[in-house]
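Asker: got a sequence here, can you build the structure:
(one chain, ligands or ions: 1)
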Amino acid sequence: MKKILIIGAGGVGNVVAKKCAQNADVFSEIILASRTKSKCDDIASQVKELYGINIKTYAVDADNVPELTELLLAEKPFLVINVALPYQDLTIMDACLNAEVHYMDTANYEPKDVAHFEYSWQWAYQDKFKEKGLMALLGCGFDPGVTNIFCAYAQKHHFDSIKTIDILDCNAGDHGHPFATNFNPEINIREVTQTVRHWKNGEWIETPAILNDDCVHFPFDYPEAGVRESYMLYHEEMESLVKNIKGLERIRFWMTFGQAYITHLKVLDNVGMTRIDEVDFNGQKIIPLQFLKALLPEPASLGNNYTGKAVIGCVFDGEKDGKQQKKYIYNVCDHAECYREIQAQAVSYTTGVPAMIGAMMILKGIWAGEGVFNVEQLDPDVFMDELNRCGLPWNVVDFDGELPA
Ligand code: NDP
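Answerer: Alright, predicted model coming up:
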């Protein structure tokens, strides 16, 4: 029975707050803080109505370390669940160190002025968290998060050695908007417009961004969603998995995109709307991508009328008892069912549920340690059981499908 403080009241924050409220035997007190207090209050009133539980809310600027430290010292939570934006990771980690509070998040740090994300900035906090006897758990959403845990589980139970991993992320849903992103538009567009990388034989290999005609893609037959064009993309969990899955020879990440999404993004990119540098507009400085974000639907607003499924999983090729084998571990999540349960679409749901489970693992002491951890470094078994219990059931099957060589 411990107190947690959630930072961020967007699509994912809504799910984390409600899922924690569903597990009130573990989360004795829930606090929700974000930049816009009215969004916290909206979620709090829904939680009260749905589960009869009171959530305390605060306005906080998570870019401001003294302000955040003051809040943490006043409330003394056991753990902070950071589901604000990757820009805030380091300031929130600093405040956690100041107030001696455990930390976790779902996305790695990214500076505002460069569209580049990597773990080095957060891994550099290793000694500081160790010295204070605190745990920082990085990347505990779905991908990163559950995909890493699928890897740890495959390594523990199904393989003596894993040679290749292909992570496949399919959103076969329809939200009814001509163009919208399923998580924060700024972060999403920065991610998908990047040059693509995958890892092979100890090196990162670059291929063109998905907006380029020469990008790498292929049709993959997803369970329950059918055949979908899947584009190679750089994704952050590969950075930690190449360190933590021993003997790995190759890892790639694939994501489905509809033609309409790519066409819209190409146009926006061509006209400069995805730029992240300041431009002068009528004597005022604006960042085009931030302006675009203000025009697009908020991820939290997409759930109503969203139909179809999200299917995310990992294909493993490796050896067990001297024999080569391929396994596929995946989850299928239905947008409309998520909305019925928790008024969220499946992308927020598949991120928020693992964040709640990660928090539960720390609160119960099942995951414990001092320093900075990626989730695949911890034992996957209880987490995998909780996925089944908490709304994200998974399957493991022999894989006989086709992947590019
Ligand atoms: P949203 O844009 O819906 O929500 C972000 C929230 O953070 C908003 O409530 C926003 O406040 C708040 N926020 C932003 N800046 C600050 C600040 N300086 N101080 C306090 N609060 C702030 O995004 P999502 O909920 O879709 O995504 C949340 C996080 O989850 C992101 O980091 C995203 O990358 C990550 N994610 C991870 C996934 C995974 O599988 N691992 C998948 C999907 C998302 P305001 O309302 O005022 O703007």
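
Asker: relative to the ligand, which residue of this structure is the closest?
Answerer: residue 10 (1.8 Å; C-beta to the nearest ligand atom). Placement of C-beta: from N, CA and C, glycine included.

Asker: what distance do you get for that residue to residue 254?
Answerer: As for residue 10, its distance to residue 254 is 26 Å (criterion: C-beta to C-beta, to the nearest Å).

Asker: ok, now which ones touch the residue positioned nearest the centre of the chain?
Answerer: With distances taken as C-alpha atoms, centre = their mean, the chain has residue 141 as the residue nearest its mean C-alpha position (3.8 Å). Shown in contact with residue 141 (C-beta atoms under 8 Å, 6 or more residues apart in numbering): 12, 106-107, 350-352, 354-355.

Asker: possible to save those residues as CSV with pLDDT and neighbour count?
Answerer: Formatted as CSV, those follow (pLDDT from 0 to 100; neighbours: other C-beta atoms under 10 Å):
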residue, pLDDT, neighbour count
12, 97, 29
106, 98, 27
107, 97, 26
350, 98, 27
351, 98, 27
352, 98, 30
354, 98, 31
355, 98, 27
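
Asker: could you list which of the residues you listed also contact the ligand?
Answerer: Taking C-beta under 6 Å from any ligand atom as the test, the ligand is in contact with 12, 106-107, 351 out of these.

Asker: now do the phi/psi pair for the residue of the chain closest to the ligand.
Answerer: The phi/psi pair for residue 10 (degrees, to the nearest 10) reads phi -100, psi -150.

Asker: circling back: and the furthest pair within the contacts of residue 141?
Answerer: Maximum pairwise distance among those (C-beta to C-beta): 13.5 Å, between 107 and 350.

Asker: could you say what helices and strands whichever strand or helix holds residue 73 packs with?
Answerer: Residue 73 belongs to helix 65-75 when assigned by DSSP states H and E. Using 3 or more C-beta pairs under 8 Å, 6 or more residues apart in numbering; DSSP states H and E, the elements in contact with helix 65-75 are strand 2-7, helix 89-99.

Asker: could I get the CA-only coordinates of it as CSV?
Answerer: Output of helix 65-75 as CSV, limited to C-alpha atoms (Å, rounded to 0.1, in the frame of the first residue of the first chain):
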residue,chain,number,x,y,z
VAL,A,65,13.2,21.1,-11.1
PRO,A,66,12.7,23.3,-8.0
GLU,A,67,8.9,23.4,-8.5
LEU,A,68,8.7,19.7,-9.0
THR,A,69,11.0,19.0,-6.0
GLU,A,70,8.8,21.1,-3.8
LEU,A,71,5.7,19.0,-4.8
LEU,A,72,7.6,15.7,-4.3
LEU,A,73,8.8,16.8,-0.9
ALA,A,74,5.4,17.9,0.1
GLU,A,75,3.6,14.8,-1.0
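
Asker: for the longest helix along the chain, output the C-alpha coordinates as CSV.
Answerer: When the chain is parsed with DSSP state H, its longest helix is helix 346-363. Extracted C-alpha coordinates of helix 346-363, given in CSV (Å, rounded to 0.1, in the frame of the first residue of the first chain):
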residue,chain,number,x,y,z
ALA,A,346,-5.6,1.1,-27.8
VAL,A,347,-2.3,3.0,-28.2
SER,A,348,-2.8,4.9,-24.9
TYR,A,349,-4.1,1.7,-23.3
THR,A,350,-1.2,-0.5,-24.4
THR,A,351,1.2,2.1,-23.0
GLY,A,352,-0.6,2.9,-19.8
VAL,A,353,-1.4,-0.6,-18.6
PRO,A,354,2.3,-1.7,-18.7
ALA,A,355,3.3,1.5,-16.9
MET,A,356,0.8,0.7,-14.1
ILE,A,357,2.1,-2.9,-14.0
GLY,A,358,5.8,-1.7,-13.8
ALA,A,359,4.8,0.6,-10.9
MET,A,360,3.0,-2.3,-9.2
MET,A,361,6.2,-4.5,-9.6
ILE,A,362,8.2,-1.7,-7.8
LEU,A,363,5.6,-1.0,-5.1
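
Asker: wait, residue 290 touches residue 184, no?
Answerer: No - the pair residue 290 and residue 184 does not pass the contact test of C-beta atoms under 8 Å, sitting 11.2 Å apart.

Asker: which of the two has more neighbours?
Answerer: Using other C-beta atoms under 10 Å as the criterion, residue 290 and residue 184 rank with residue 184 on top: 22 against 14.

Asker: now do the contacts for the more buried one.
Answerer: By C-beta under 8 Å, 6+ apart, the neighbours of residue 184 are 10-11, 85, 293, 299.

Asker: may I see those residues organised as a markdown table, with pLDDT, distance to residue 200 and neighbour count added?
Answerer: Listed next are these as a markdown table, based on pLDDT from 0 to 100; distance: C-beta to C-beta, whole Å; neighbours: other C-beta atoms under 10 Å:
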| residue | pLDDT | distance to residue 200 | neighbour count |
| --- | --- | --- | --- |
| 10 | 95 | 35 | 22 |
| 11 | 95 | 34 | 24 |
| 85 | 95 | 31 | 21 |
| 293 | 96 | 35 | 17 |
| 299 | 90 | 33 | 25 |
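
Asker: of all these, which two lie farthest apart?
Answerer: Pairwise over the contacts of residue 184, using C-beta to C-beta, the maximum falls at 11 and 293, 13.3 Å.

Asker: is the closest residue to residue 27 other than its chain neighbours in a helix, a strand, or coil?
Answerer: Distances taken as C-beta to C-beta, 6 or more residues apart in numbering put residue 20 closest to residue 27, at 4.2 Å, once the chain neighbours are dropped. Following DSSP: H, G, I helix; E, B strand; the rest coil, the label given to residue 20 is helix.

Asker: what count of nearby residues applies to residue 20?
Answerer: Other residues within reach of residue 20, judged by other C-beta under 10 Å, total 27.

Asker: and if you look at residue 390?
Answerer: When counting by other C-beta under 10 Å, one arrives at 16 neighbours for residue 390.

Asker: need the contact list for it.
Answerer: 19, 22-23, 353, 356-357.
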